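Chemist: Fold the following, please.
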Amino acid sequence: MGANSRHHLESDHQFRHKIRLGPPFQNRRVSQSGQDNSTRAKIRLALSAHSHPFLSIPDSHPLTALTALSPVDGRYESKVSALRPFFSEFALIRYRLTVEARWLEALGACNDIPEVAPLSTSATAFLEALTDNFSIEDAKQVKEIERTTNHDVKAIEYFLKQRVEGEKELQEISEFIHFGCTSEDINNLAYALMLLDAREAVILPAIDRLISTLCRLAIPLTQEPMLARTHGQPASPTTLGKELANVIARLEHARSQVAKTAIRGKFNGAVGNFNAHLAAYPDLDWATISCGFVEKLGLDWQPMTTQIEPHDDIATLCHALMRTNSILIDLDRDIWGYIALGYFRQRAVDGEVGSSTMPHKVNPIDFENAEGNAGIANALLGHLADKLPISRWQRDLSDSTALRNLGPAFAHCLLALESTLKGLGKLEVDSGRLQADLDTSWEVLAEAIQTVMRRYQVPKPYEKLKALTRGRQAMDPTTLRGFIEQLPIPKEARERLVQLTPATYTGNAAEAAAAFLQRLSGDR
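Modeler: This is a model prediction of the structure:
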């Protein structure tokens, strides 16, 4: 061990020594709360004075994939970058600005508000350009205003007012920016638009890619016989394509639930009653104006609220995504198991390492990564679904910090989907291994034999097959066929049973899978 290594070990030892409890408790001052002031002071002094290189990252290091706190913004940044235009702080500011600008336009379009004339083409173009060309520098200006206001939505209002200065038409109506609004009017619509856009642009296409990949994998395997396993034990055979089709059917249904979940928006003021609106313009039908505005944004209108939109729809979407992720976990674990059984081989990638010590390993890491990320996503989504619909009285702010974690939840969903896709792309079927398992599992034909015996009223068919097959380590075809030959059933029935093998005892698996996949192909 070199001198530098000894120095680090000694330094670590000295550091640990600094924060030991020191003299016996009776010789030290203890505060009324029971805290040992002497020990606490030593710990603070040691932590502040010690220069261990791993205690902190110097402030001079910029935020990168190496210094990011979350793996979503670090290790996995490139894999989830498609979500940044929707869930980043920049995106949230831009969506809020869009809502504020569209509301000003809506007021101008209302003939019963004479103080706000319909916006000219140039004024409308100015506002559209402001939102369409919103830049990082613009967002920084908003954050700078927020440093003073300590209120993120008010900062948007002030930013917009600053930007319309010099635009005579817009400057004259600048006090109608944020007119009648509470912050939640802006926020709930911004988040609703974020969710809808991210769902349409990123999540649903990723689910569709997974379904399409599974279809391409399943179609040529609809007639590939496979030993089924219930409770981990050999069971009536199926086909590999049918088992994949089962997952596809589940994902199709889950996708429809994700896709059809409506996200409603509210726009009715501080406690949901248009109080300020009616104080200013008591004769206007503000509910109709609000409904038209929300629907023009592409959202469904939520008429009955407190200050906040109750988030029931977001909870529904979270639950739909959780069910999708649960199906994904089920698939990942099954494929993992089939790889372990040898039913699938994984194509090795040049340069990759499976184990730091075992050179031969080709591990199912993509499916393991997907399972882990789907689990994290479900933990976040589950909390959001539980928390967001609950708000004290007419509103509390606990939903605000929770909503900011929609992005990480979606990111882990996307990681799970993409990792599963990557893993599926490496799979190769080992038909020989599938057949070998079937050839050593003749006992699974017991179900067929006892069912045919029931048809022809042979006494105690189940019990007879149980005595013959249950717990037998190796049921060979000769023994089984010998049993069949002595059965008092019609000759044709005996011949069908004699010809039956584990590989051919698959019911309608092949036909059902092929028909389902054909219908799905037509539907899609």
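
Chemist: Which element is encountered next along the chain beyond the helix or strand hosting residue 372?
Modeler: Element membership for residue 372, per DSSP states H and E: helix 365-387. Under the assignment DSSP H and E, the closest C-terminal helix or strand after helix 365-387 is helix 398-403.

Chemist: what comes up buried for that next one?
Modeler: 399, 402, 403 (16 or more other C-beta atoms under 10 Å). Heads up, the C-betas are built off the backbone N, CA and C, glycines and all.

Chemist: Closest one to residue 147 out of those, please.
Modeler: residue 403 (21.7 Å; C-beta to C-beta).

Chemist: on that earlier part again, against which helices or strands is the helix holding residue 372 packed?
Modeler: Helices and strands touching helix 365-387, by 3 or more C-beta pairs under 8 Å, 6 or more residues apart in numbering; DSSP states H and E, are helix 312-341, helix 398-403, helix 406-424.

Chemist: Now render the buried residues of helix 398-403 as CSV, adding pLDDT and distance to residue 144.
Modeler: Below are these laid out as CSV (pLDDT from 0 to 100; distance: C-beta to C-beta, whole Å):
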residue, pLDDT, distance to residue 144
399, 93, 26
402, 96, 26
403, 96, 23
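
Chemist: can you pull the pLDDT of the closest residue to residue 290 other than its chain neighbours?
Modeler: Take residue 290 and drop its neighbours on the chain: the residue closest to it by C-beta to C-beta, 6 or more residues apart in numbering is residue 267, 4.4 Å away. pLDDT for residue 267: 98.

Chemist: what angle separates the strand or helix carrying residue 244 from helix 406-424?
Modeler: Counting by DSSP H and E, the element that carries residue 244 is helix 240-260. On the basis of axes from the mean of the first three to the mean of the last three C-alpha atoms, to 10 degrees, helix 240-260 is oriented at 160 degrees to helix 406-424.

Chemist: after helix 240-260 comes which helix or strand?
Modeler: Sequence order places strand 264-265 as the next helix or strand after helix 240-260, per DSSP H and E.

Chemist: From the contact counts, what lies against that following strand?
Modeler: Short answer (3+ C-beta pairs under 8 Å, 6+ apart): strand 264-265 packs on helix 183-198, strand 300-301.

Chemist: which of these is buried the deepest?
Modeler: helix 183-198 (a mean of 24; mean count of other C-beta atoms under 10 Å).

Chemist: sorry, back to before: nearest to residue 139, of the buried residues of helix 398-403?
Modeler: residue 403 (18.2 Å).

Chemist: residue contacts, the residue nearest to that closest one when sequence neighbours are not counted?
Modeler: For residue 403, ignoring the flanking residues on the chain, the nearest one in space by C-beta to C-beta, 6+ apart is residue 191 at 5.8 Å. Counting by C-beta atoms under 8 Å, 6 or more residues apart in numbering, residue 191 touches 92, 95, 314, 403, 406.

Chemist: Using the three-state scheme, assign residue 308.
Modeler: Of the three states, residue 308 takes coil according to DSSP: H, G, I helix; E, B strand; the rest coil.

Chemist: Tell me the spacing between it and residue 368.
Modeler: 39 Å (C-beta to C-beta, to the nearest Å).

Chemist: same question, residue 489
Modeler: According to C-beta to C-beta, residue 489 stands 49 Å off from residue 368.

Chemist: just checking, what packs against the host helix or strand of residue 290?
Modeler: Counting by DSSP H and E, the element that carries residue 290 is helix 286-296. In terms of contacts (3+ C-beta pairs under 8 Å, 6+ apart), helix 286-296 is packed against helix 89-108, strand 300-301.

Chemist: need these in JSON lines with mean pLDDT and distance to residue 132, can you?
Modeler: Shown next, in JSON lines, are the helices and strands packed on helix 286-296 (pLDDT from 0 to 100; distance: least, C-beta to C-beta, whole Å):
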{"stretch": "helix 89-108", "mean pLDDT": "98", "distance to residue 132": "9"}
{"stretch": "strand 300-301", "mean pLDDT": "97", "distance to residue 132": "25"}
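
Chemist: ok, back up a step: please identify which of the buried residues of helix 398-403 is nearest to residue 322.
Modeler: residue 402 (15.7 Å).

Chemist: which residue packs closest to the closest one, ignoring adjacent ones?
Modeler: residue 387 (5.2 Å).

Chemist: Quick one: classify residue 226 as helix, strand or coil.
Modeler: Using three-state DSSP, the structure places residue 226 in strand.

Chemist: Just give the number of residues close to it.
Modeler: 26 (other C-beta atoms under 10 Å).

Chemist: Surely residue 109 and residue 118 touch.
Modeler: Yes - counting by C-beta atoms under 8 Å, residue 118 is a contact partner of residue 109 at 6.0 Å.

Chemist: Pick out whichever of these two has more residues nearby.
Modeler: Neighbour count, other C-beta under 10 Å: between residue 109 and residue 118, residue 109 has more, with 15 against 12.

Chemist: what number of residues lie near the nearest residue to residue 306 once chain neighbours are set aside?
Modeler: Nearest non-adjacent residue to residue 306, counting by C-beta to C-beta, 6+ apart: residue 394, 4.1 Å away. Applying other C-beta under 10 Å, we find 13 residues neighbouring residue 394.

Chemist: List the residue ranges of the chain that fall below the pLDDT cut-off.
Modeler: Scanning the chain for pLDDT under 70 picks out the ranges 1-60, 354-357, 359-361, 473, 524.

Chemist: And it, split by domain according to the record?
Modeler: Split into domains by automatic domain parsing, the chain comes to 84-179, 185-348+360-435, 436-513.

Chemist: mind putting those domains in JSON lines, distance to residue 61 included?
Modeler: Output for the domains of the chain, formatted as JSON lines (distance: least, C-beta to C-beta, whole Å):
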{"stretch": "domain 84-179", "distance to residue 61": "20"}
{"stretch": "domain 185-348+360-435", "distance to residue 61": "22"}
{"stretch": "domain 436-513", "distance to residue 61": "54"}
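
Chemist: Packed most tightly, which of these would that be?
Modeler: domain 185-348+360-435 comes out most buried of the domains of the chain by mean count of other C-beta under 10 Å, with a mean of 19.

Chemist: Strands of the stretch 101-250 of the chain, residue ranges please.
Modeler: 225-230, 233-239 (DSSP state E, counting those that start in this stretch).

Chemist: Let's have these in TSV, adding distance to residue 197.
Modeler: Formatted as TSV, the strands of the stretch 101-250 of the chain follow (distance: least, C-beta to C-beta, whole Å):
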stretch	distance to residue 197
strand 225-230	41
strand 233-239	40
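
Chemist: re the thing from before, which other helices and strands does the helix holding residue 244 contact?
Modeler: So helix 240-260, by 3+ C-beta pairs under 8 Å, 6+ apart, packs with helix 204-218, strand 225-230, helix 312-341, helix 509-523.
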